[in-house]
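A.B. asks: I would like to see how this sequence folds:
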Amino acid sequence: MEKLYRQWIDKHQDQVWSLALYLMRDRAEAEDICQEAFTRLWQHRDTMNDGKAGPWLKRVTRNLCLDRLRGRRDEIAAGENDLFDELNPESVFEQGNRTQRLQELVAALKEPYRSLVVLRDIQQHSYRQVAEITGLSQPQVKTYLHRARHALRKQWSEHDDE
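C.D. replies: Purely as a prediction, here's the structure:
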């Protein structure tokens, strides 16, 4: 069973890491999330179906991220500190780095849009896989993904006009 667990980690760690990093926008927190997700995988290894390990692991990762982000939002509502900085389009433009700009625009998307863009457009999962990971129906995935892409195009063009 340990060998199979190691295979699951080797196969999915890059996508789990990238999902956590995109959602959290902080390397240390993404590392914590990944560690927690892989710990949970270990705890469920005896009951895990080999074909379901990947989607299950990504769903757990996404949920852990969303839980942590909700906690941040609660702190902000309580006035403790502002953890969500607004995008600074001037600094992104000055950097001249289109990739960085796009990453920030994706990071600024609300859920579930951000997760859908990461899972479908960046990690190249099928619509079926994205639906399984997020718990949404395929039509919902397609609709929300269309809205997310529209918002990204709009934000991108607004920044070009400045």
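
A.B. asks: got a list of what the residue nearest to Gly135 when sequence neighbours are not counted touches?
C.D. replies: Leaving aside its chain neighbours, Gly135 sits nearest to Arg59 (7.0 Å; criterion: Cβ to Cβ, 6 or more residues apart in numbering). For every residue, glycine as well, the C-beta is placed using N, CA and C. The contact partners of Arg59, taken as Cβ atoms under 8 Å, 6 or more residues apart in numbering, are Glu132, Ile133, Thr134, Gly135.

A.B. asks: how close does the second one get to Asp50?
C.D. replies: Think Ile133. 17 Å (Cβ to Cβ, to the nearest Å).

A.B. asks: Those two: which is more packed in?
C.D. replies: Comparing Ile133 with Asp50 by other Cβ atoms under 10 Å, the one with more neighbours is Ile133, at 26 against 9.

A.B. asks: Correct me if wrong: that one contacts His125.
C.D. replies: Yes - contact criterion Cβ atoms under 8 Å: Ile133 and His125 qualify, at 7.1 Å.

A.B. asks: about what we covered before: highest neighbour count among the contacts of Arg59?
C.D. replies: Most surrounded of those: other Cβ under 10 Å gives Ile133, at 26 neighbours.

A.B. asks: tell me the contacts of that residue?
C.D. replies: Contacts of Ile133 by Cβ under 8 Å, 6+ apart are Pro55, Lys58, Arg59, Arg62, Leu119, His125.
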